[in-house]
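Enquirer: Give me a 3D structure for the following:
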Amino acid sequence: MDALPLIALVAGSAAVAGAARRTPVPAPLVLVAVGLVAGFSPGIPTYHLDADVVLPLLLPPLLHTAALDSSYLDLRANIRPVALLSVGYTLFATVAVGWLAHRIIPDLPLTAALVLGAVVAPPDAVTAAAIARRVGLPARVTTILQGESLVNDATAITAFRVALAAAVGEGMSWGAGIGEFLLAAIGGVGVGLLLMVPLHWLRTHLKEALLQNTLSLLIPFVAYAAAERVHASGVLAVVVVALYLGHRSWQVDFATRLQEAAVWKMVAFILESAVFALIGLQLPFVLKELGPFGVREAVGYAAAVFLAVVVVRFVWVYPATYLPRWLSRRVREREPGPDWTAPLIVGWAGMRGVVSLAVAFSIPLAAQDGSPFPARNLVLFLTFTTVIGTLVIQGLTLPLLVRVLKLPHPDPQTVTLIEAQAQNEASEAAEARLRELLEDPHNSLPPPLADRLRSVLERRRNAVWERLGASDPVTGESADDTYRRLSREMIEAERAVFVRLRDERRIDDEMMRTLLRRLDLEEAAAYRETDGS
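Expert: The predicted structure is shown next:
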């Protein structure tokens with residue numbers, strides 16, 4: 001097996017994503033555009049999305065990282081809009097887009113059109129998170145979009161299986177379809193609930209950070225495979241486990257958290273970059289497989305399906321936003337009235353992604369009776385154009401829409417004040433605990449060391465308050481910035497001495513690495529004291 005194409009994909013997509021960070025355009029869109037161009041460039045290997053690779057190998061870690069970064073409490077507080085989008089909208093879009101495609105495209109059977117509807121129904125978790133982070137959406141809107149994208153893949157994949165069974169002649173009834181959907185949903189949540197506690201217990205009882213993070217990398221694959229083994233939703237199992245682990249991450253020791261954050265940040269960056277590049281690289285394959293349909297004719301159908309996808313989302317989002325408030329006094333009392341801009345943003349932020357393409361490529365070539373699957377090549381093309389259309393058109397215009405609407409953002413001073421108050425309360429508890437410990441004869445410390453504990457605590461308490469103060473009139477730096485700069489300069493001076501001593505053979509490399517690691521930890525501590533990271 002030639003590994004060079006895979007290495008080239010990872011290295012090339014990472015390089016493009018890194019360069020995209022210096023541009024105002026979100027990295028996913030740059031990666032897709034470069035992939036589109038690279039797909040027709042000479043010497044570029046052929047990359048073909050395989051559902052047997054994407055769904056069990058790429059989707060679990062991507063969902064896991066997205067769920068770890070999500071807030072269980074925020075999702076629970078917004079469970080109604082999240083459920084209405086992730087389940088209600090996905091099923092509605094499957095039927096509505098499928099029916100419209102059936103009416104628009106001659107000779108496209110309704111069953112095949114419903115397969116298309118299920119494929120293009122779910123907005124993408126990776127895209128939603130990446131775009132939301134870049135454009136700075138309000139917190140509640142971001143929570144709703146992320147919650148929707150975490151769960152809707154499970155709804156769409158189940159709807160796809162039901163529609164596909166009908167399309168290939170397996171004769172699945174409505175009752176059987178509903179039963180399969182319930183089995184997937186309840187079973188996926190059930191598997192996640194069964195796994196989350198023992199997995200968390202194992203994480204907290206492993207004593208080495210290296211073993212704990214090895215387990216962390218395996219968890220999404222274990223959850224997905226266990227659920228799929230019993231014909232339940234692997235997506236929901238991964239999300240349930242990740243939300244639980246993220247909610248209780250404070251119970252894991254600090255070394256594991258630091259290492260885990262770095263590991264998953266790297267994994268997410270590599271996978272997200274490769275996934276978006278792969279989307280663009282599918283264009284030559286999709287055009288080659290278009291078959292008897294002319295490109296001009298297919299492009300016309302693609303525009304119609306894209307328009308249907310966009311309109312159907314707004315048709316669902318506005319009633320789902322306002323009807324519950326009109327029908328329920330409890331909802332009106334419990335929740336603030338939605339700003340008219342929120343449903344507009346949620347409706348426009350419906351970018352599709354790699355899951356839609358991977359599921360589309362899993363459509364079989366033939367039906368149960370051996371006849372070709374009706375319009376399979378056209379379904380692939382329409383899925384691809386819908387994904388590209390939503391990524392490019394909606395992804396590029398969403399930041400502009402956010403700026404035009406002038407969405408409210410949290411006041412930095414208010415946020416810093418809340419942070420300072422929380423830090424002050426925590427510091428008071430730590431100070432009381434330190435006094436209690438030092439009163440015990442078994443904890444006696446020389447005065448300089450005890451003073452050092454107090455000074456570190458005081459520095460941590462004051463650091464956040466200082467961010468509320470004015471900047472230095474000469475340097476323009478805040479006290480935090482000056483503190484970090486001076487700390488870095490001092491540490492750099494020490495680091496240069498250790499390297500010089502190694503070069504002079506006065507210490508060996510192993511000792512130098514030990515001393516440099518100690519400095520690295522000191523530098524990290526200095527930054528944590530001031531920026532709270």
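Enquirer: what's the neighbour count on the closest residue to residue 434 other than its chain neighbours?
Expert: Spatial nearest neighbour of residue 434, chain neighbours left out: residue 453 (6.1 Å); criterion: Cβ to Cβ, 6 or more residues apart in numbering. The C-beta positions use only the backbone N, C-alpha and C, and glycine is treated the same way. For residue 453, the tally of surrounding residues (other Cβ atoms under 10 Å) stands at 15.
Enquirer: can I assume residue 453 sits in a strand?
Expert: No - secondary structure assignment (DSSP: H, G, I helix; E, B strand; the rest coil) places residue 453 in helix, not in a strand.
Enquirer: any idea of the pLDDT on it?
Expert: Looking at residue 453, its pLDDT reads 79.
Enquirer: got it, and residue 337?
Expert: Reported pLDDT at residue 337 in the predicted model: 69.
Enquirer: Next, count neighbours for the nearest residue to residue 219 once chain neighbours are set aside.
Expert: When the adjacent residues along the chain are set aside, residue 219 lies closest to residue 199, with 5.8 Å between them (Cβ to Cβ, 6+ apart). When neighbours are counted by other Cβ under 10 Å, residue 199 registers 20.
Enquirer: State whether residue 199 is indeed within a helix.
Expert: Yes - secondary structure of residue 199 (three-state DSSP): part of a helix.
Enquirer: Could you measure from residue 497 over to residue 504?
Expert: Using Cβ to Cβ, to the nearest Å, we find residue 497 at a distance of 10 Å from residue 504.
Enquirer: Those two: which is more packed in?
Expert: For residue 497 versus residue 504, the count of surrounding residues by other Cβ under 10 Å is larger for residue 497: 11 against 8.
Enquirer: Could you pull out the buried residues of the helix or strand that contains that one?
Expert: If you go by DSSP states H and E, residue 497 is part of helix 479-503. For helix 479-503, the neighbour count (16 or more other Cβ atoms under 10 Å) marks 479-481, 483-484, 487, 491, 495, 498, 502 as buried.
Enquirer: Apart from its chain neighbours, what residue comes closest to residue 82?
Expert: That would be residue 147: by Cβ to Cβ, 6+ apart, it lies 3.6 Å from residue 82.
Enquirer: do the same with residue 322
Expert: residue 338 (7.4 Å).
Enquirer: contacting residues around the one you found?
Expert: Shown in contact with residue 338 (Cβ atoms under 8 Å, 6 or more residues apart in numbering): 321-322, 325.
Enquirer: ok so it is a helix residue?
Expert: No - counting by three-state DSSP, residue 338 falls outside a helix, being coil.
Enquirer: residue ranges for the strands of the protein, please.
Expert: Using DSSP state E, the chain contains no strands.
Enquirer: Name the residue most distant from the centre of it?
Expert: residue 441 (50.1 Å; Cα atoms, centre = their mean).
Enquirer: unless I'm mixing things up, residue 279 is touching residue 388, no?
Expert: Yes - contact between residue 279 and residue 388 holds when scored by Cβ atoms under 8 Å: they sit 7.3 Å apart.
Enquirer: residues shared between the contacts of these two?
Expert: With Cβ under 8 Å, 6+ apart as the test, residue 279 and residue 388 both reach residue 32.
Enquirer: if we can go back for a sec, can you pick the most crowded of the contacts of residue 338?
Expert: Going by other Cβ under 10 Å, residue 321 tops those with 19 neighbours.
Enquirer: Pass me the low-pLDDT residue ranges in the stretch 51-200 of the chain, would you?
Expert: Scanning the stretch 51-200 of the chain for pLDDT under 70 picks out 125-134, 169-174.
Enquirer: what about the helices in it?
Expert: With helices called from DSSP state H, counting those that start in this stretch, the stretch 51-200 of the chain shows them at 51-53, 59-68, 72-77, 79-83, 90-104, 110-120, 125-135, 139-167, 174-205.
Enquirer: can those helices go into JSON lines with extra columns for distance to residue 355?
Expert: Putting those into JSON lines (distance: least, Cβ to Cβ, whole Å) gives the following:
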{"stretch": "helix 51-53", "distance to residue 355": "9"}
{"stretch": "helix 59-68", "distance to residue 355": "6"}
{"stretch": "helix 72-77", "distance to residue 355": "20"}
{"stretch": "helix 79-83", "distance to residue 355": "18"}
{"stretch": "helix 90-104", "distance to residue 355": "12"}
{"stretch": "helix 110-120", "distance to residue 355": "9"}
{"stretch": "helix 125-135", "distance to residue 355": "8"}
{"stretch": "helix 139-167", "distance to residue 355": "5"}
{"stretch": "helix 174-205", "distance to residue 355": "15"}
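Enquirer: Report the buried residues of stretch 81-89.
Expert: 81-82, 84-87, 89.
Enquirer: Need the max-distance pair from these.
Expert: Maximum pairwise distance among the buried residues of stretch 81-89 (Cβ to Cβ): 11.3 Å, between 81 and 87.
Enquirer: how long is stretch 500-508 end to end?
Expert: Terminal residues of stretch 500-508 are spaced 11 Å apart (Cα to Cα, to the nearest Å).
Enquirer: contacts for that stretch?
Expert: Counting contacts by Cβ under 8 Å, 6+ apart, the residues outside stretch 500-508 that touch it are 498, 509, 511-512, 515.
Enquirer: how far does it sit from the chain's center?
Expert: Put simply, stretch 500-508 sits 46 Å off its chain's centre (Cα atoms, centre = their mean, to the nearest Å).
Enquirer: Since that was my last question, I'll sign off now.
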